[in-house]
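S.K.: sequence and predicted model, in that order:
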Amino acid sequence: MSAREAVTLVARREIVERMREKSFLVSTVVGIVIIVIVVILASVLGGGDTRYVVGHTDAQGAAVADAAAAAAQGSDVEVESRPVDAGAATADLEDGSVDAVVTGDEIRSKDEPDDELVTLLQAANRQVSAAQALEQAGVSGDEAQAILAPPALRVATVEPVDEDEDAKSALTFFIVLILYGQIITYGYWVAAGVVEEKASRVVEVVLSTIRPSHLLAGKVIGLGLLGLGNLLLTGVVGLLVAAATGALDVDGQVLSSVALALVWFLLGYAFYACAFACAGALVPRQEELQSTMTPLSMMLLVSLFVAFAVQSNPDGTLAQVTAFIPMTAPLTMPPRIVAGDVSTLEIIASFVVTIGASALLIPLAARIYSGGVLRTGSSLKLREAWRAARA
């Protein structure tokens, strides 16, 4: 049997066996349902205008509330001016019918009002007071209007404004979480599969036909393709729901960014999967697997926290440094790509570094795997597995 045939056979077996497991099907369906629910909730609850209902009990309060409503137009804040009975104002505040009541020289609310609302009402009160002062001074009509409502300042930015910035920020957050979950899940499956084969002595039969490196390659490739398909399905469903609900404007940039995220999953998985296979080869039982997996799990967890820090500052020093660290690049680069804060040259360089590190790790992992996969009875150290392979 040639090397290609052996690797293909093992990869096909891993895919078929995992897809037959109910746990895999259930986890896939649950994951997709969670993504759909999150996207729908983000569309329903996120975004939109902040709305305040301001009650007034007299003419002065009505003028202030109306001025605040007029000033809020064109912004992401909506103010509704509503007359309320003075005797029922407290009851209206307590039952939430109104957010605040303007009466005379006072702003009343149930709890401490939002600073945004207070700022609007205070500015409106100054405008109403100024109008009254101008009227008393004999200034009215167009002249008073020109004084009280000068032309608004034009807003200009050096960099173009991305109207989907908030949506893309949410997208990068989910991409990082999903990549982390996929890498650690499928990495664990690689390690658990190795231990299961060792414990059942199946691996001894398999290795009488194919080489350990071919078994390792087939296992990693098979589960990697399965993970890629799972991730692709989740991404397609998520984008379709986001486009249908208006949660995200799915354009060419978003699609290309998601496609690159899939590629980064492959790179991250290739780097970590071989290490997880080594972790499985060092222990004889599932109960002992956690001890050898802990360093890898901690490394991924640190990379997750670093990715969140990079998301808040995608063009900072930390983002640029971690782009060239193979352990962190698979989780820190996708958010920067989606945000558009990374150059093509940097993406290519990061790809090369991560691929190079994975290429160097694969033969080392194959040797440790070969030395440890047939050893049963007690846990091994890396040095012992390395020497066993050499022997």
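M.R.: Sure thing, it's come through. Numbers count the residues shown, from 1 in each chain.
S.K.: mind listing the helices for the stretch 101-250 of the chain?
M.R.: 115-136, 141-148, 165-200, 202-206, 212-245 (DSSP state H, counting those that start in this stretch).
S.K.: export those as JSON lines, with columns for mean pLDDT and mean neighbour count.
M.R.: Every C-beta, even on glycine, is put in place using the N, C-alpha and C of the backbone. Shown next, in JSON lines, are the helices of the stretch 101-250 of the chain (pLDDT from 0 to 100; neighbours: other C-beta atoms under 10 Å):
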{"stretch": "helix 115-136", "mean pLDDT": "84", "mean neighbour count": "16"}
{"stretch": "helix 141-148", "mean pLDDT": "68", "mean neighbour count": "12"}
{"stretch": "helix 165-200", "mean pLDDT": "80", "mean neighbour count": "20"}
{"stretch": "helix 202-206", "mean pLDDT": "72", "mean neighbour count": "14"}
{"stretch": "helix 212-245", "mean pLDDT": "84", "mean neighbour count": "20"}
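S.K.: could you dump those to JSON lines with distance to T90?
M.R.: As requested, those are arranged in JSON lines below (distance: least, C-beta to C-beta, whole Å):
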{"stretch": "helix 115-136", "distance to T90": "18"}
{"stretch": "helix 141-148", "distance to T90": "33"}
{"stretch": "helix 165-200", "distance to T90": "37"}
{"stretch": "helix 202-206", "distance to T90": "76"}
{"stretch": "helix 212-245", "distance to T90": "40"}
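S.K.: which regions of the stretch 251-391 of the chain sit below the pLDDT cut-off?
M.R.: 373-378, 380, 382, 388-391 (pLDDT under 70).
S.K.: for G316, give me phi and psi.
M.R.: Main-chain torsions, G316, degrees, to the nearest 10: phi -80, psi 180.
S.K.: thought V84 was touching V54, still the case?
M.R.: No: assessed by C-beta atoms under 8 Å, V54 is found out of contact with V84, at 9.6 Å.
S.K.: joint contacts of those two?
M.R.: 98, 101 (C-beta atoms under 8 Å, 6 or more residues apart in numbering).
S.K.: those two: which is more packed in?
M.R.: More neighbours surround V54 than the other of V54 and V84, with 28 against 22 (other C-beta atoms under 10 Å).
S.K.: quick one: that one is in a strand?
M.R.: Yes: counting by DSSP: H, G, I helix; E, B strand; the rest coil, V54 falls inside a strand.
S.K.: what about the nearest residue to it once chain neighbours are set aside, neighbour count?
M.R.: Distance criterion C-beta to C-beta, 6 or more residues apart in numbering; nearest residue to V54, sequence neighbours excluded, is A65 at 4.4 Å. Applying other C-beta under 10 Å, we find 29 residues neighbouring A65.
S.K.: who's in contact with A65?
M.R.: For A65, the contacting residues are 54-56, 79, 81-82, 102, 121, 124, by C-beta under 8 Å, 6+ apart.
S.K.: cutoff 6 Å now
M.R.: A65 sits next to 54, 56, 81, 102 when contact means C-beta atoms under 6 Å, 6 or more residues apart in numbering.
S.K.: gap between it and D115?
M.R.: 18 Å (C-beta to C-beta, to the nearest Å).
S.K.: repeat for L171
M.R.: From L171 to D115 the distance is 29 Å (C-beta to C-beta).
S.K.: residue boundaries of the strands in the chain?
M.R.: For the chain, the strands defined by DSSP state E occupy 50-56, 77-83, 100-103, 106-108.
S.K.: so what are the domain limits for the protein?
M.R.: 3-44+165-390, 50-148 (automatic domain parsing).
S.K.: grab the nearest non-local neighbour of D341.
M.R.: For D341, the spatially nearest residue (C-beta to C-beta, 6+ apart) is P314, at 4.0 Å.
S.K.: report how many residues lie close to the one you found.
M.R.: With other C-beta under 10 Å as criterion, P314 counts 21.
S.K.: so it makes contact with A339?
M.R.: Yes: assessed by C-beta atoms under 6 Å, P314 is found in contact with A339 at 4.7 Å.
S.K.: contacting residues around V194?
M.R.: By C-beta under 6 Å, 6+ apart, the neighbours of V194 are 277, 280-281.
S.K.: same question for S23.
M.R.: S23 touches nothing, counting by C-beta under 6 Å, 6+ apart.
S.K.: over to F265?
M.R.: F265 touches 179, 182, 231, counting by C-beta under 6 Å, 6+ apart.
S.K.: from V53, how far off is the last one?
M.R.: Distance, L231 to V53, using C-beta to C-beta: 45 Å.
S.K.: next one: T90
M.R.: Distance from T90 to V53, by C-beta to C-beta: 15 Å.
S.K.: between these two, which one's more packed in?
M.R.: Of the pair T90 and V53, V53 is the one with more neighbours under other C-beta under 10 Å, namely 18 against 13.
S.K.: fine by me, we can end here.
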